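Novice: Could you look at this predicted model? Sequence included:
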Amino acid sequence: MKAKTIYTCQNCAAQAPKWMGRCSECGQWNTLVEETYKEPSQSAQTPSGSREALSQALPQNNRPLAIHEINIDEARRSTTRMGELDRVLGGGIVPGSLVLLGGDPGIGKSTILMQGLSATPEKPILYVSGEESANQIKLRGKRLGVDSKNFLVFAETRLEEIIEAAQKLRPGILIIDSIQTIFSTSVTSAPGSVSQVRECTGRLMLLAKTLEIATFVVGHVTKEGSIAGPKVLEHMVDTVLYFESSDHSAYRILRAIKNRFGSTNEIGVFEMAEGGLREVQNPSELFLQERTIDAPGTAIVSAVEGSRPILVELQTLVSQSTLAMPRRTTLGIDQNKVALLVAVIEKRLGVPLYGHDIFAKVAGGIKLDEPATDLGIAAALLSSFKNRALDAKLLICGEVGLTGEVRRISQLDLRLSEAAKLGFQRAIVPQSGLDALAKANFRAKIEVTGVRSLDEAVKALDL
Ligand code: TYD
Ligand code: MG
């Protein structure tokens, strides 16, 4: 074994042959850490689980294939115990895929993996924990009702041992909780450092692909880049999922950030309860549950997340300011978007919003970034300014341009049918795009008004 010294930036994983005070890639100070990497020499015997040993297991007669020769077997996906998890994965688990699950501590990463993934007689699950003891895992399993004899728990942090166990056991699913606690003896730096995380993930990837083990890797998100966050890993893995919640509520949203096997932007909604996570099948109902009817400043807008339309309540507060620089605070919506809409309202409608503090918030902790929510935000702002409530059974969607024009949005029919399903009676939508809806059957249930400009919308809304 030949030992080589390299310096690795703990922020961006750039490597340098010598130490520098500042990383030349990302410009961060004091992030370079000395690491020794042992390159296995030719004569050394290949330990099991090493890159060499695993690559020998790859098919030897590998060759370029014509694209029509390649068969995709969709049926090979297996489903989990949670429909919401399947949805975010793109329709179930793909054998041999490597999935990274990121999220803040305590959000429920261990819980969702333990509860959602199920063992079968032919395909056991190997749950490797570097964070908790077997006892702790058993206790959680009891709460979640996980009691299969094919669910194997392994409290281990040495990568080589984990790989050996997986090779012996041949599980269908391997869970690594978490990647920051696992270390390989071929890298001398501490567990959690960029080099360790990268090396371990690389080896797990090879294991996943050669033995067709669907591997789920938990990664912690850190505020500063001092510990290698999942950012470094995102490029390596097939799928990146984020588990998040806001406002410390019991609701959790699982989001696909990257997915080589399905669409991103799909979300799964869960609620953390006594016996683990509960799936929320109809998020619109959830997000509209606690709304106050007839409150000025609120509007219902529609967000399409992946293939799923969700209706959410948008709340705004426009009030006289005593500050020289009035406050503009937003939660869940881009501040610039609100600033832009405020400018359009002032200029095109002549409504004097300057001199007012403006707050805007999305209820339920969802994030709205679609242009389709523009018109709803504008209507909510005007409603608050005029202190006049909007109709409670009204959906507003449309993009607003700088000249005050209301533009066409995507998937209007999907949004309207969701609204009709939830008993909404009226919708204000962009005029363009309305004709395509002429025959859609929900138009019988919901009265749709098309508008061309902000001005027309204000008239239709009677604001
Ligand atoms: P956990 O899965 O350990 O989070 P992570 O792995 O992301 O750090 O879940 C942590 C929280 O979830 C913990 O504070 C307790 C709560 N919880 C419940 O409310 N109900 C349950 O059934 C379980 C298992 C956990
Ligand atoms: Mg955990």
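Specialist: Perfect, I can see it now. Numbering: from 1, shown residues only. Ligands and ions are numbered 1, 2, ... in the order given.

Novice: distance of the residue in the stretch 301-450 of the chain positioned nearest to ligand 1 from L286?
Specialist: Here the stretch 301-450 of the chain gets closest to ligand 1 at one residue, G365, 16.6 Å apart by CB to the nearest ligand atom. All C-beta atoms are positioned from the backbone trio N, CA, C, and that covers glycine. Taking CB to CB, to the nearest Å as the measure, G365 falls 10 Å from L286.

Novice: what do those two both touch?
Specialist: Common neighbours of G365 and L286, using CB atoms under 8 Å, 6 or more residues apart in numbering, are Y251.

Novice: hang on, the earlier thing: is the residue of the stretch 301-450 of the chain closest to ligand 1 in contact with R252, as I believe?
Specialist: No - G365 is not in contact with R252 according to CB atoms under 8 Å; the separation is 9.4 Å.

Novice: quick one: common contacting residues for these two?
Specialist: By CB under 8 Å, 6+ apart, the residues touching both G365 and R252 are S245.

Novice: who's more crowded, these two?
Specialist: When G365 and R252 are compared for neighbours, R252 comes out ahead with 25 against 19, by other CB atoms under 10 Å.

Novice: quick one: K4 is in a strand?
Specialist: Yes - counting by DSSP: H, G, I helix; E, B strand; the rest coil, K4 is found in a strand.

Novice: what about L65, how many residues close to it?
Specialist: A count of nearby residues for L65, using other CB under 10 Å, gives 8.

Novice: for R452, that is, sorry about that
Specialist: Here the number of neighbours of R452 (other CB under 10 Å) works out to 15.

Novice: for the one 3 residues further on, same thing?
Specialist: When neighbours are defined as other CB under 10 Å, D455 has 14 of them.

Novice: Ok, N135 next?
Specialist: Other residues near N135 come to 10 when the count uses other CB under 10 Å.

Novice: With I366 instead?
Specialist: As a burial measure, the neighbour count of I366 was computed by other CB under 10 Å and equals 20.

Novice: what's the answer for N336, then?
Specialist: 10.

Novice: A372 versus that one, what's the distance?
Specialist: Between N336 and A372 the distance, using CB to CB, works out to 17 Å.

Novice: Next one: the residue in the stretch 151-300 of the chain positioned nearest to ligand 1, what pLDDT does it get?
Specialist: Taking CB to the nearest ligand atom as the measure, the stretch 151-300 of the chain has G276 as its residue closest to ligand 1, at 4.0 Å. With respect to pLDDT, G276 scores 92.

Novice: How many residues are close by it?
Specialist: Around G276 sit 19 other residues, with neighbours defined as other CB under 10 Å.

Novice: same question, L139
Specialist: By the measure other CB under 10 Å, the count of residues near L139 is 12.

Novice: what's the answer for L434, then?
Specialist: Neighbouring residues of L434 were enumerated by other CB under 10 Å; the total is 16.

Novice: Enumerate every residue touching it.
Specialist: Going by CB under 8 Å, 6+ apart, L434 touches L412, V448, G450.

Novice: Please identify the helix or strand for the last one.
Specialist: Spelled out, that is G450. With the criterion set as DSSP states H and E, the secondary-structure element containing G450 is strand 447-451.

Novice: hmm, who's touching the helix or strand just after that strand?
Specialist: Using DSSP H and E, the next helix or strand after strand 447-451 towards the C-terminus is helix 454-461. Applying CB under 8 Å, 6+ apart, the set of residues contacting helix 454-461 from outside is 344-345, 348-349, 375, 378-379, 382-383, 390, 394, 396, 398, 400, 404-406, 428, 449, 451.

Novice: In helices only, show me the residues you listed.
Specialist: In helices, judged by DSSP state H, the following of the contacts of helix 454-461 are found: V344, I345, R348, L349, L375, A378, A379, L382, S383.

Novice: Adding distance to T329, write the residues you listed out as a markdown table.
Specialist: Below are the ones in helices among the contacts of helix 454-461 laid out as a markdown table (distance: CB to CB, whole Å):
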| residue | distance to T329 |
| --- | --- |
| V344 | 19 |
| I345 | 17 |
| R348 | 24 |
| L349 | 22 |
| L375 | 21 |
| A378 | 17 |
| A379 | 19 |
| L382 | 18 |
| S383 | 18 |
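
Novice: quick one: which of those is nearest F359?
Specialist: Sorting those by how near they are to F359, with CB to CB, puts S383 at the top with 13.6 Å.

Novice: shouldn't that closest one be in contact with D294?
Specialist: No - counting by CB under 8 Å, no contact exists between S383 and D294, whose distance comes to 10.7 Å.

Novice: Show me the common contact partners of these two, please.
Specialist: Common neighbours of S383 and D294 (criterion: CB under 8 Å, 6+ apart): A389.

Novice: rewinding a little: if we check ligand 1, which of the contacts of helix 454-461 are in contact?
Specialist: Contacts with ligand 1 within the contacts of helix 454-461, counted by CB under 6 Å from any ligand atom: none were found.

Novice: Now which of these would you call buried?
Specialist: With burial judged by 16 or more other CB atoms under 10 Å, the buried subset of the contacts of helix 454-461 is 344-345, 348-349, 375, 378-379, 382-383, 390, 394, 396, 398, 400, 404-406, 428, 449, 451.
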